[in-house]
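Peer 1: Using only what follows, build the 3D model:
(chains A and B)
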Amino acid sequence: MERILINQIEKKEGQKIMIKGRILNMRNLGNVVFLIVQDYTGTIQVVFAKIIEVKIGDSVAIEGIAKKEPRSKYGFEIQGENIKIISATVEDLPFDLAKNDLNLNLPTLLDYRTLSLRHPKVQAIFKLYDIFLKGYETVMREEGFTEVKTPKILGAATEGGANFFKIKYFDKEATLAQSPQFYKQIMVGVFERVFEIGSTFRAEPHFTTRHVNEYISLDAEMGYIKDFYDVIEMLNKVIKRIFLMIEKEGKQYLDMYNIKISEVPDSIPRVKLSEIRKIAKEKYNYSIPDDTDIDPEGERLAGKYAKEEFNSDFIFITHYPWKEKPFYTMQSKENPEETYGFDLIYKGLEIVTGSQRIHTYKELIENMKKKKIKPNGMEFYLETFKFAMPPHGGWGWGSERTIQQILELPSIKEAILFPRDVKRLVP
RNA sequence: GCGGGCGUAGUCCAGCCCGGUUCAAGACGCCUCCCUGUCACGGAGGAGAUCACGGGUUCAAAUCCCGUCGCCCGCGCCA
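Peer 2: Numbering: from 1, shown residues only, chains lettered A, B, ... in the order given. So this is what the prediction gives:
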């Protein structure tokens, strides 16, 4: 008999069918047994009026009659006639996958990742992530961006600093990319508009709920901009369209977390960093420390301000200080202490960083000198700027952080299948 | 790196402050039995913990002290 997918059962009312899937739960009432069976399209209840020898977790093939059943919360069920174990669970599960909530501590959730991922509510995170990635690809292509994949094994650190992983590369030393920055800029000189979805690696030993050492960055870079507001407008438009797609296609998954996805304003509020400092002080009586651009408390307050003042979950903070920004960021013409750099804060957490980049060779070299950065290993990047790079800018967007914030997950690690942090290299 | 916290059955946890009838309680899961409409099914019974490890204080330590190991969080840095 041919397998019928669970979401197709309603079309087979009254017919004898066969499904394949995993037993999520079993309720034994003596002479009647209820099974909840899951395949990749959904879940359904199967009822047997006899004793059956199966365990929760088994992969099974079930033959039975599809029928309408108002007594079942699914509205439909299968009157089971025959059940066959395709693959058996040979050990007790370490926790209860049948409950609505898994209720595990983070280390347990991640240690038993191969099993915790089977829980519908955990799966929902990654189904939403799937929609999110598809949305990004779709919208970016429609905006004329070409998808590129740039190397992650690099000969030199992208942006200086010590936060890159060193690896052995035959007889040389290499590093893992902590950003596609150089390559995506170079590609502006080729395709004008490019985007990338790729792994980035950061060797920072951070211990927070919003950092990991390997994450997926959604990058973009676009040429012939008139100023960095062109980049902000593009990002605004892209986010709005993606969030609408997630709302439409991911409703069943959002519902599992009781989340109504944020409305993205047509024009997300934009506030200068210097303004945010004043607002934090005057409105919330908090002083953002002078030795940083903005601290996490400052970001939370910026998010709070956006909600209270503009009823927006999003806010752009612009004009980050020159001394805090990397050498390729364009300095403000109006105020040399500031740059044309911005962050996007979503629900009080930074999820995107972007800027207009310096596009002339001369300015780039001058800025490097001022920042005391040696060109060693990045000659290939600098060379490009001798050959007429158009004015351009772009962003790096943390994909997992976005999912974390959409679902309000307590840790970014819940939004990654197999997260890598300071303490975790397996599974 | 600095600061704070945690470690008790397979899982989630109570007990720790104020050491002693609690030979560590409960819930979920597991095993046995009962139940023909459950949907977090219900009911009865049962097994499962050298209280992270090592040392100390004490008549007595899960509980107080010291050390070790493991982990989590905040900050820094950033997406």
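
Peer 1: how much space between the residue nearest to A:Phe95 when sequence neighbours are not counted and A:Gln404?
Peer 2: The shortest distance from A:Phe95 to any non-neighbouring residue, by C-beta to C-beta, 6 or more residues apart in numbering, is to A:Leu104 (6.1 Å). Bear in mind the C-beta positions are built from the backbone N, C-alpha and C, glycine included. Counting by C-beta to C-beta, to the nearest Å, the gap from A:Leu104 to A:Gln404 is 17 Å.

Peer 1: Between those two, which is the more surrounded one?
Peer 2: When A:Leu104 and A:Gln404 are compared for neighbours, A:Gln404 comes out ahead with 25 against 17, by other C-beta atoms under 10 Å.

Peer 1: Confirm that that one sits in a helix.
Peer 2: Yes: checked against DSSP: H, G, I helix; E, B strand; the rest coil, A:Gln404 lies within a helix.

Peer 1: separation between it and A:Ile261?
Peer 2: If you go by C-beta to C-beta, the gap between A:Gln404 and A:Ile261 works out to 14 Å.

Peer 1: next one: A:Pro410
Peer 2: Note on A:Pro410: its distance to A:Ile261, by C-beta to C-beta, is 18 Å.

Peer 1: of these two, who's got more company?
Peer 2: Neighbour count, other C-beta under 10 Å: between A:Pro410 and A:Ile261, A:Ile261 has more, with 17 against 10.

Peer 1: Not counting its neighbours along the chain, what's nearest the more buried one?
Peer 2: Using C-beta to C-beta, 6+ apart, the nearest residue to A:Ile261 is A:Glu247, at 4.7 Å.

Peer 1: Flag the shaky bits of chain A, pLDDT-wise.
Peer 2: Using pLDDT under 70 as the threshold, the predicted model of chain A has low-confidence ranges A:156-162.

Peer 1: circling back: the residue nearest to A:Phe95 touches A:Arg113, doesn't it?
Peer 2: No: look at A:Leu104 against A:Arg113 with C-beta atoms under 8 Å: they stay out of range, at 10.8 Å.

Peer 1: picking up where we left off before, does RNA strand B sit close to the helix or strand hosting the residue nearest to A:Ile261?
Peer 2: Taking DSSP states H and E as the criterion, the element that holds A:Glu247 is helix A:228-249. No: counting by C-beta under 7 Å from any atom of the strand, RNA strand B is not contacted by helix A:228-249; separation bottoms out at 11.2 Å.

Peer 1: buried ones in that helix?
Peer 2: Of the residues in helix A:228-249, those scored as buried under the neighbour-count criterion (16 or more other C-beta atoms under 10 Å) are A:228-232, A:234-236, A:238-243, A:245-247, A:249.

Peer 1: Which helix or strand contains the residue nearest to A:Trp395 when sequence neighbours are not counted?
Peer 2: Among residues not flanking A:Trp395 along the chain, A:Gly354 sits closest, at 3.3 Å (C-beta to C-beta, 6+ apart). In this structure, A:Gly354 is located in strand A:349-357 according to DSSP H and E.

Peer 1: relative to helix A:228-249, how tilted is that strand?
Peer 2: Angle of strand A:349-357 versus helix A:228-249, following axes from the mean of the first three to the mean of the last three C-alpha atoms, to 10 degrees, is 140 degrees.

Peer 1: helix or strand right after strand A:349-357?
Peer 2: Counting by DSSP H and E, the next helix or strand C-terminal to strand A:349-357 is helix A:361-370.

Peer 1: immediately after that next one, which helix or strand?
Peer 2: Using DSSP H and E, the helix or strand that follows helix A:361-370 towards the C-terminus is helix A:379-384.

Peer 1: Up against RNA strand B, what does the stretch 151-300 of chain A have?
Peer 2: Residues of the stretch 151-300 of chain A that fall close to RNA strand B, judged by C-beta under 7 Å from any atom of the strand: A:163, A:179, A:202, A:204-213, A:215, A:217, A:289, A:291-293, A:295-297, A:299.

Peer 1: all helices of chain A, in order?
Peer 2: Listed in chain order, the helices of chain A (DSSP state H) span residues A:106-111, A:113-116, A:120-142, A:181-191, A:228-249, A:251-256, A:273-284, A:296-310, A:361-370, A:379-384, A:399-407.

Peer 1: Compare the ones you listed and give me the one nearest A:Lys423.
Peer 2: Set against A:Lys423 and scored by C-beta to C-beta, the helices of chain A come closest in helix A:106-111, at 9.0 Å.
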